[in-house]
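Student: Sharing a model that was predicted from the sequence below.
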Amino acid sequence: MERASQLLLNPKLGSKTGGETTVAQAAWRSAVGKRLAEVTYASTFEKGTLRVYVEDKVWQAQLSALAPQILAKMRKVTGRELVTNVELRVMPGRRGPMRETQVVRDEALLDSAGIEDPLLRRAYQRKKA
């Protein structure tokens, strides 16, 4: 019986199955387990390198140390050496919700006496009135 990864990479099936990227991503999830798969994101696969995004630098350091073991598990899952390198990157930070800022007005700055140019001062006084 053939491994599922071999069936997915069968050239007769073409790109219907997703090819090597899909197999590499699935192998990552299988190799690291459910918990680690939840805090990582296997993104792209190119020339034997699987790019994986992690939440922070701590995860990056931890998984870098475990990379040889993870690659060995991935070989076992796929039945061949499909992924030869794992590139771990920190996910870009998320932007928080935009908050409305309150403008603080300084009345001294709004006084027309502080405007040196007479034309601008007159225009300001007309607009204020």
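Tutor: Received, thanks. Numbering: from 1, shown residues only.

Student: what sits against K73?
Tutor: The neighbours of K73, taking CB atoms under 8 Å, 6 or more residues apart in numbering as the test, are S30, A31, V32. For every residue, glycine as well, the C-beta is placed using N, CA and C.

Student: So which residue is dead centre in the chain?
Tutor: M91 (3.7 Å; CA atoms, centre = their mean).

Student: Mind pulling the model confidence for it?
Tutor: pLDDT for M91: 86.

Student: backbone phi and psi for it, please?
Tutor: Torsion angles at M91 (phi, psi; degrees, to the nearest 10) stand at phi -60, psi 140.

Student: who's in contact with it?
Tutor: Taking CB under 8 Å, 6+ apart as the test, what M91 contacts is Y41, Y53, V54, E55.

Student: Tell me which stretches of the chain form strands.
Tutor: Along the chain, the segments classed as strands by DSSP state E run 40-46, 49-54, 85-90.

Student: closest to A67 out of these?
Tutor: strand 85-90 (5.2 Å; CB to CB).

Student: Which neighbouring elements make contact with the closest one?
Tutor: strand 49-54, helix 57-78 (3 or more CB pairs under 8 Å, 6 or more residues apart in numbering; DSSP states H and E).

Student: Just want the angle from the shortest one to helix 57-78.
Tutor: Strand 49-54 and helix 57-78 are oriented at 140 degrees to each other (axes from the mean of the first three to the mean of the last three CA atoms, to 10 degrees).

Student: Now strand 49-54: buried residues?
Tutor: If you call a residue buried by 16 or more other CB atoms under 10 Å, then strand 49-54 has these buried ones: L50, R51, V52, Y53, V54.

Student: partners of it in the sheet?
Tutor: Its sheet considered, strand 49-54 pairs with strand 40-46 (antiparallel), strand 85-90 (parallel) by DSSP bridges.

Student: Which among these is found nearest to P68?
Tutor: Among the strands paired with strand 49-54, the nearest to P68 by CB to CB is strand 85-90 (9.6 Å).

Student: Go ahead and name everything in contact with the closest one.
Tutor: Identification of contacts with strand 85-90 by CB under 8 Å, 6+ apart yields 28, 48-57, 59-60, 63-64, 67, 70-71.

Student: Done for today, thanks.
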